[in-house]
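Visitor: sequence unknown, structure follows:
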């Protein structure tokens with residue numbers, strides 16, 4: 001029997017709890033820190049918990065690769081009493097072959113939801129909320145994106161226009177090969193809440 005995506009998530013949750021409760025220890029964590037001064041300054045018990053969980057999660061990722069267990073989960077976003085369900089890679093799993101195509105296939109439905117929900121709203125890039133951006137700029141970013149994500153607060157709707165490697169797109173160091181432009185839609189100004 002091959003474990004499902006949800007079963008792997010449950011296993012990781014259980015392991016995370018066990019690690020946080022001190023039920024997992026890593027005896028050689030000082031050996032993993034290259035700087036001996038830093039190793040003395042850190043709480044090695046806490047660092048050992050991090051390393052123990054990372055080691056376990058790495059084994060889960062190897063299992064995913066070997067058995068091609070998807071890292072995709074389906075998330076629900078609700079804004080103005082309208083709901084959309086869309087795929088994303090679980091934050092503790094990795095994308096395997098075919099997962100990126102699942103993300104890409106949902107792009108058009110996410111964009112339809114975005115366009116329906118953001119009529120008469122203004123738009124900002126999440127990195128610079130001082131000046132609104134044009135719908136032309138958004139159209140250009142949409143053309144460049146391989147897949148899309150969506151998030152909401154009570155008053156703002158966030159669109160992520162993503163490209164590259166689904167395992168790396170959230171990291172600044174991955175640009176320009178992978179990344180995500182986040183656009184905020186709001187009636188007047190974006191709220192101070194960030195998602």
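Guide: Structure's in. What do you need? All values reported here derive from a predicted model rather than from experimental measurement.

Visitor: wait, residue 153 touches residue 184, no?
Guide: No. Residue 153 lies out of contact with residue 184 (Cβ atoms under 8 Å); the separation is 9.3 Å. Just so you know, the C-beta spots here come from the backbone N, C-alpha and C atoms, and that holds for glycine as well.

Visitor: the spatially most central residue of the chain and residue 134, how far apart?
Guide: For the chain, the residue nearest the mean C-alpha position is residue 91 (5.5 Å; Cα atoms, centre = their mean). For residue 91, the distance to residue 134 (Cβ to Cβ, to the nearest Å) stands at 32 Å.

Visitor: now do the strands in the protein.
Guide: Taking DSSP state E as the test, the strands found in the chain are 72-79, 82-89, 122-125, 128-133, 147-152, 157-163, 179-186.

Visitor: so which of the ones you listed is the most surrounded?
Guide: strand 157-163 (a mean of 23; mean count of other Cβ atoms under 10 Å).

Visitor: helices or strands up against it?
Guide: Packing partners of strand 157-163 (3 or more Cβ pairs under 8 Å, 6 or more residues apart in numbering; DSSP states H and E): helix 107-117, helix 135-144, strand 147-152, strand 179-186.

Visitor: give the contact list for residue 64.
Guide: Applying Cβ atoms under 8 Å, 6 or more residues apart in numbering to residue 64 gives the contacts 8, 70-71, 93-94, 96.

Visitor: next step: those residues restricted to helices.
Guide: residue 8 (DSSP state H).

Visitor: residue 61: which of the contacts of residue 64 is nearest?
Guide: Ranked by distance to residue 61 (Cβ to Cβ), the contacts of residue 64 are led by residue 94 at 4.9 Å.

Visitor: state the pLDDT value of the closest one.
Guide: Residue 94 carries a pLDDT score of 96 in this model.

Visitor: residue 68 versus that one, what's the distance?
Guide: Residue 94 is 11 Å from residue 68, by Cβ to Cβ.

Visitor: same deal with residue 166?
Guide: 15 Å.

Visitor: so these two - more neighbours on which side?
Guide: Under the criterion of other Cβ atoms under 10 Å, the comparison of residue 166 against residue 68 puts residue 166 first, with 23 against 11.

Visitor: identify the residue nearest that one in space, chain neighbours excluded?
Guide: Closest residue to residue 166 apart from its sequence neighbours, by Cβ to Cβ, 6 or more residues apart in numbering: residue 95 at 4.0 Å.

Visitor: picking that back up, okay if I get the contacts of residue 64 as JSON lines plus distance to residue 117?
Guide: Converted to JSON lines, the contacts of residue 64 look like this (distance: Cβ to Cβ, whole Å):
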{"residue": "8", "distance to residue 117": "33"}
{"residue": "70", "distance to residue 117": "28"}
{"residue": "71", "distance to residue 117": "27"}
{"residue": "93", "distance to residue 117": "29"}
{"residue": "94", "distance to residue 117": "31"}
{"residue": "96", "distance to residue 117": "31"}
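
Visitor: which ChimeraX command selects the buried ones in the contacts of residue 64?
Guide: The ChimeraX selection below is limited to those of those classed as buried (16 or more other Cβ atoms under 10 Å):
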select :8,70,71,93,94,96
